[in-house]
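In: I'd like to go over a predicted model; first the sequence, then the structure.
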Amino acid sequence: MQLVYRPDHPQSNENGFIDKSLLLDNIHRGAAAYVITDEMTATRNMCDGKFYTSKAKFRATTKAYGCIEVGNETTTLLKPRKPIELSRSERRDDIRRAIYELRMMK
């Protein structure tokens with residue numbers, strides 16, 4: 001009989017030891033830790049246009065350009081926006097304002 005020190009286990013003895021065979025019954029045989037690798041398929045970074053196969057390098061480049069990763073919400077990004085309806089006078093005023101702002105920037 002092999003003993004293992006597990007003082008918080010409900011079946012441990014007065015010294016905090018428990019038979020190792022009791023612990024192994026609770027472990028799923030064949031189960032292993034899930035490992036997430038740093039490698040990925042070649043993905044283009046929109047900040048510099050280069051392709052990366054390392055997640056860490058991809059994220060470092062994104063951060064260096066002052067950007068953030070959002071995810072893969074392509075359906076929201078590619079959905080056409082509803083145009084803003086303007087009357088003829090509102091449109092004219094908006095164009096005048098834009099031209100004025102451009103001239104003031106020089």
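Out: Cool, got the structure. Since we're looking at a predicted model, the values are computed, not measured.
In: what's the spacing between the helix or strand harbouring Lys57 and its chain's center?
Out: Assigned by DSSP states H and E, Lys57 belongs to helix 55-64. Between the centre of helix 55-64 and the centre of its chain there are 12 Å (CA atoms, centre = their mean, to the nearest Å).
In: same check, this time on stretch 91-106
Out: Its chain's C-alpha centre and that of stretch 91-106 lie 40 Å apart, by CA atoms, centre = their mean.
In: sheet partners, orientation included, of the longest strand seen in the chain?
Out: The longest strand of the chain (DSSP state E) is strand 39-44. Its sheet considered, strand 39-44 pairs with strand 51-54 (antiparallel) by DSSP bridges.
In: buried set for the strand it pairs with?
Out: Buried positions in strand 51-54, judged by neighbour count with 16 or more other CB atoms under 10 Å: Tyr52. All C-beta atoms are positioned from the backbone trio N, CA, C, and that covers glycine.
In: which residues in the chain form strands?
Out: According to DSSP E, the strands that the chain contains are 3-5, 17-19, 39-44, 51-54.
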